[in-house]
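Chemist: Pasting the sequence and the predicted coordinates here, then a few questions.
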Amino acid sequence: MIRLIQSILILVTTSARSRLSLQVENSALRHQLSIYRKSGQRPCIRPADRLLWSVMSRLWSGWRAALFFVQPRTVTTWQKKRFRDYWRALSQSNKAGRPRISPELRKLIERMWEANPTWGSPKIVAELAMLGIDVAKSTVEKYRPKRTGPPSPTWRTFLDQHVRDLVSIDFFIVPTTTFRVLFVFVVLAHDRRRIVHFNVTEHPTADWTAQQIVEAFPFDTAPSYLIRDGDGIYGDRVTRRLESLGIDEVVTAPASPWQNAYAERVITRLHRFEARSSVTH
C-alpha cells in the first residue's frame with residue numbers, strides 16, 4: 001500500500017513539471033547509472049564527470065534532487081577547484097615573472113627591518129641602492145619580519161577613544177561561474193560594526209572608489225577617521241576626496257591585517273556565508 005501511494009505521488013509531481021526539467025533529470029540519472037555500471041560498487045569519477053556536474057549545478061536549479069553518487073558539497077568543491085586551476089594556469093602561461101632573490105639578500109632585508117624598526121620600506125630600498133642592490137619596494141615589504149607580539153597599546157588606545165568616529169574601507173573579490181572576478185567595496189562603521197555602504201564593480205578605479213566614499217556619507221555625516229590599507233587602488237584621488245570631506249585617513253602598516261580587524265572579520269564572515277549558500281542552493 002505504501003509503495004502504491006508513493007508511486008501515485010511521483011506520478012502527480014512528475015506531470016506538473018516541465019518537459020525540459022524531466023529531460024535534464026533523466027540525463028543526469030542516466031549519467032550516474034553509466035558511472036556505476038562501468039566502475040561497480042564504488043563510482044570512478046573522471047574529470048569529464050566533474051566538469052559536467054559543475055556546469056549542471058550552475059545551470060539547473062533541481063540538480064540536488066537528482067544527485068546520488070556524491071554529496072552536493074562535493075560538486076561545489078569541484079567548481080571552486082576548477083576556478084582555481086583556471087586562474088593558476090592563466091597566470092602561469094608563458095610568463096617569466098619576477099626573478100627570485102637570493103637567500104643572502106633576503107636575510108639582509110630582514111636584518112635591516114629588525115635593526116631599524118622606525119624605517120619604512122622606501123628608506124630600506126634607498127639604503128640597498130647605495131650598496132648597489134636594486135630591489136622593488138614590494139620585495140622589501142614581503143620579507144618584513146612578521147609581528148609576533150600583541151598590537152601596540154598606542155593603536156589600541158586610538159581605537160578605543162575614537163570608536164564612534166571610525167570607519168573602515170576594504171575590497172574583497174567574488175569569483176563567478178564564467179571565470180570573472182567581481183570586486184566588492186565595503187564601508188564599515190566601528191561603533192556598531194555595521195556596513196553603511198557597499199558596491200560591486202568589475203574594474204575598480206580611484207575615481208570609482210572616491211565616489212563610493214561620497215555616497216556612503218551624505219549630508220555632513222562624514223566620520224573623523226577612516227582606516228584603509230596601502231592598496232594602490234586608492235591613490236591620490238581618494239586622498240583628496242577624503243580631505244575635502246574633512247576625514248583623516250589612517251593607513252595600516254604593511255602585512256598588518258590586525259590594524260583593520262573589524263573589516264577583515266566582516267569579509268571573512270561574508271566569504272563563509274557565500275560558501276554555505278553555494279552548498280545549500
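Modeler: On my side now, so go ahead. Bear in mind that the values here come from a model prediction, so they are computed numbers and not experimental data.
Chemist: C-alpha from now on. contacts and neighbour counts both.
Modeler: Noted.
Chemist: Thought residue 186 was touching residue 199, still the case?
Modeler: Yes - when contacts are counted by CA atoms under 8 Å, residue 199 is listed as touching residue 186 (7.0 Å).
Chemist: okay, those two: which has more neighbours?
Modeler: The neighbour comparison of residue 199 against residue 186 (other CA atoms under 10 Å) goes to residue 186, with 22 against 12.
Chemist: Can you pull the phi and psi angles for the more buried one?
Modeler: Backbone torsions for residue 186, taken as degrees, to the nearest 10, come to phi -120, psi 140.
Chemist: Spatially nearest residue to it, not counting backbone neighbours?
Modeler: Nearest non-adjacent residue to residue 186, counting by CA to CA, 6 or more residues apart in numbering: residue 198, 4.5 Å away.
Chemist: three-state assignment of the one you found?
Modeler: Here residue 198 is recorded as strand under DSSP: H, G, I helix; E, B strand; the rest coil.
Chemist: and it, what does it touch?
Modeler: Taking CA atoms under 8 Å, 6 or more residues apart in numbering as the criterion, residue 198 is in contact with 184-187, 212.
Chemist: Recalculate using a threshold of 10 Å.
Modeler: 169-171, 184-188, 212-213, 215-216 (CA atoms under 10 Å, 6 or more residues apart in numbering).
Chemist: same check, this time on residue 140
Modeler: 106, 109-110, 112-113, 120-122, 124-125, 128.
Chemist: and the closest residue to residue 174 other than its chain neighbours, what helix or strand is that in?
Modeler: For residue 174, ignoring the flanking residues on the chain, the nearest one in space by CA to CA, 6+ apart is residue 182 at 5.1 Å. Assigned by DSSP states H and E, residue 182 belongs to strand 181-189.
Chemist: Residue 133 and residue 231, how far apart?
Modeler: 25 Å (CA to CA, to the nearest Å).
Chemist: Please, where are all the helices along the protein?
Modeler: 2-16, 19-39, 47-59, 72-91, 103-115, 121-130, 137-142, 153-161, 206-216, 235-244, 261-280 (DSSP state H).
Chemist: didn't residue 235 look like it was pressed against residue 205?
Modeler: Yes - using CA atoms under 10 Å, residue 235 is in contact with residue 205, at 9.0 Å.
Chemist: pretty sure residue 123 contacts residue 136?
Modeler: No - using CA under 10 Å, residue 123 is not in contact with residue 136; the gap is 11.8 Å.
Chemist: Spell out which residues are contacts of both of those two.
Modeler: By CA under 10 Å, 6+ apart, residue 123 and residue 136 have no common neighbours.
Chemist: do you know how far residue 208 is from residue 112?
Modeler: Separation of residue 208 from residue 112 (CA to CA) stands at 38 Å.
Chemist: so how far is stretch 243-253 off the chain centroid?
Modeler: Here stretch 243-253 is found 24 Å from its chain centre; the criterion is CA atoms, centre = their mean, to the nearest Å.
Chemist: between the helices of the chain, which gets the lowest average pLDDT?
Modeler: Least confidently modelled of those is helix 2-16, at a mean of 48 by mean pLDDT.
Chemist: For stretch 130-141, buried residues please.
Modeler: For stretch 130-141, the neighbour count (16 or more other CA atoms under 10 Å) marks 140-141 as buried.
Chemist: ok, back up a step: now the two most distant members of the contacts of residue 198.
Modeler: Largest separation among those by CA to CA: 171 and 215, giving 16.3 Å.
Chemist: quick one, which of those two is more surrounded?
Modeler: When residue 171 and residue 215 are compared for neighbours, residue 171 comes out ahead with 21 against 13, by other CA under 10 Å.
Chemist: where's that one relative to residue 90, distance?
Modeler: Applying CA to CA, the value for residue 171 to residue 90 is 23 Å.
Chemist: cool, and residue 169?
Modeler: Computed as CA to CA, the residue 169 to residue 90 distance reads 30 Å.
Chemist: now swap in residue 266 and tell me
Modeler: Per CA to CA, residue 266 is found 30 Å from residue 90.
Chemist: Do I have it right that residue 168 meets residue 247?
Modeler: No - counting by CA under 10 Å, residue 168 stays clear of residue 247, with 11.8 Å between them.
Chemist: what do these two both touch?
Modeler: The contact sets of residue 168 and residue 247 overlap at 225-226 (CA under 10 Å, 6+ apart).
Chemist: neighbour-wise, which of those two wins?
Modeler: For residue 168 versus residue 247, the count of surrounding residues by other CA under 10 Å is larger for residue 168: 23 against 18.
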